[in-house]
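> Please find the sequence and the predicted model below.
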Amino acid sequence: MPPSARPDARPDPGLTVERWGPLVWALCHRLDPQPEDAWQEVWEKVLRALPAFDPAGPAALSTWITRITHHHLVDRYRQRRRRGAPEDDDVDALPAPAAPESPVDLEAALATLPEAWRRVIVLHHLHEVPLEAIAATEGVAVGTIKSRLHRARNRLSEILR
């Protein structure tokens, strides 16, 4: 049996970036104002931690990479917030959203959402991360995540009308 076919074989870093790079980029692009920096930092963390990944463990490689990415993006968000960015849930402090050029321009609509709301929408609806996992990563109650998701959906509905 070739080494790459063994169940306990470690993933090849080059193939890992090639296969999961688009997923990491999508998250960084949607959730960070400096996606190129975030993408490089995420892959630095993933590749450093890759030898510790257990292929026979409870998480699939995609889930493991997504969790590292999400944790990193949340950390970057918290750093920006400490430096004085507006509070995500303080909608009145945010500028009025600009209507997207096309009613179906979801990317433009997502960009107008507060970061915490955008993270929940992207992770839950686009990457199918369970609400409980998002709550654990964000360090808040599931009810808070549900509230953010509800508010984000309402705001998107208003913008996309």
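Nice, thanks for sending it over.
> any idea of the mean pLDDT in stretch 37-54?
The average pLDDT for stretch 37-54 rounds to 90.
> Now that stretch: buried residues?
Neighbour counts over stretch 37-54 (16 or more other Cβ atoms under 10 Å) mark 38-39, 41-43, 46, 50, 53 as buried. (Glycine included, C-beta is placed from N, CA and C.)
> now do stretch 147-161
In stretch 147-161, counting by 16+ other Cβ under 10 Å, buried: 148-149, 151-152, 155-156, 159.
> Export the buried residues of stretch 37-54 as CSV, with columns for secondary structure and distance to R67.
Putting those into CSV (DSSP: H, G, I helix; E, B strand; the rest coil; distance: Cβ to Cβ, whole Å) gives the following:
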residue, secondary structure, distance to R67
A38, helix, 15
W39, helix, 16
E41, helix, 15
V42, helix, 11
W43, helix, 14
V46, helix, 10
L50, helix, 14
F53, coil, 11
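> With respect to I68, which of these is nearest?
V46 (5.4 Å; Cβ to Cβ).
> my guess is the closest one meets I65, correct?
Yes. V46 is within contact range of I65, at 5.7 Å (criterion: Cβ atoms under 8 Å).
> what touches both of the two?
Taking Cβ atoms under 8 Å, 6 or more residues apart in numbering as the contact rule, V46 and I65 both touch 16, 24.
> so how far is the longest helix belonging to the chain from its chain's centroid?
Identified as the longest helix of the chain according to DSSP state H is helix 61-82. Centre-to-centre, helix 61-82 and its host chain are 7 Å apart (Cα atoms, centre = their mean, to the nearest Å).
> And for stretch 51-60?
With Cα atoms, centre = their mean, you get 20 Å for stretch 51-60.
> Kindly report the same for stretch 42-61.
That offset, for stretch 42-61, works out to 17 Å (Cα atoms, centre = their mean).
> got it, and stretch 150-161?
19 Å.
> and it, C-alpha only, in PDB?
Extracted C-alpha coordinates of stretch 150-161, given in PDB (Å, rounded to 0.1, in the frame of the first residue of the first chain):
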ATOM      1  CA  HIS A 150     -31.700  36.600  12.500                       C
ATOM      2  CA  ARG A 151     -30.500  40.200  12.400                       C
ATOM      3  CA  ALA A 152     -28.200  39.500   9.500                       C
ATOM      4  CA  ARG A 153     -31.000  37.800   7.500                       C
ATOM      5  CA  ASN A 154     -33.300  40.800   8.100                       C
ATOM      6  CA  ARG A 155     -30.600  43.200   7.000                       C
ATOM      7  CA  LEU A 156     -29.800  41.200   3.900                       C
ATOM      8  CA  SER A 157     -33.400  41.000   3.000                       C
ATOM      9  CA  GLU A 158     -33.700  44.800   3.300                       C
ATOM     10  CA  ILE A 159     -30.600  45.400   1.100                       C
ATOM     11  CA  LEU A 160     -31.500  42.900  -1.500                       C
ATOM     12  CA  ARG A 161     -35.000  44.200  -2.000                       C
END
